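Colleague: here's my sequence, what's the structure:
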Amino acid sequence: MQTIEFFDFQKVDMRAGTIIEVRDFKEVRNPAYKIWVDMGPLGIKKTSAQITQNYSIEELPGRQVICVCNFPKKQIANFMSEILITGFKDEQNNIVLATLERNVPNGEKLH
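Modeller: Model (predicted):
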């Protein structure tokens, strides 16, 4: 594993946000959702996530997630992703969202 300096870690802007809307993303090859996340002072940000194996559309709104906010925007099919919702692969290689133990204000930075 490569080590990094603390200064390098500080460059990654990771924040808490609350999922407010989820839609099927039918225009992509692999099953995915279009997701809108309330990032507090940063506003509403959108992203795409391949999490359909572990999560239904109905269970995602209201869930607080950890997002990387300072990647460049990325075009995915006809949709512009503005943030990255973080997660881990489970035993079947499906993503499990990285969430918070308790709610914090939307936009709060990871320390």
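Colleague: C-alpha from now on. contacts and neighbour counts both.
Modeller: Fine.
Colleague: tell me how far the residue nearest to the spatial centre of the chain lies from residue 21.
Modeller: Against the mean C-alpha coordinate of the chain, by CA atoms, centre = their mean, the closest residue is residue 85 at 1.3 Å. Taking CA to CA, to the nearest Å as the measure, residue 85 falls 14 Å from residue 21.
Colleague: any chance you could map the helices in the chain?
Modeller: Read by DSSP state H, the chain holds these helices, from start to end of the chain: 6-10.
Colleague: the residue nearest to the centre of the chain contacts residue 46, doesn't it?
Modeller: No. At 9.8 Å, residue 85 and residue 46 do not qualify as touching, with contact defined as CA atoms under 8 Å.
Colleague: tell me, what's touching the two both at once?
Modeller: Common contact partners of residue 85 and residue 46 (CA atoms under 8 Å, 6 or more residues apart in numbering): none.
Colleague: helices or strands up against the strand ranked longest in the chain?
Modeller: If each strand of the chain is counted by residues according to DSSP state E, the longest one is strand 14-24. Helices and strands in packing contact with strand 14-24 are listed as strand 33-38, strand 64-68; criterion 3 or more CA pairs under 8 Å, 6 or more residues apart in numbering; DSSP states H and E.
Colleague: hang on, the earlier thing: state the pLDDT value of the nearest residue to the residue nearest to the centre of the chain once chain neighbours are set aside.
Modeller: Closest residue in space to residue 85, ignoring its immediate chain neighbours: residue 67 at 4.4 Å, by CA to CA, 6 or more residues apart in numbering. Residue 67 is assigned 98 on the pLDDT scale.
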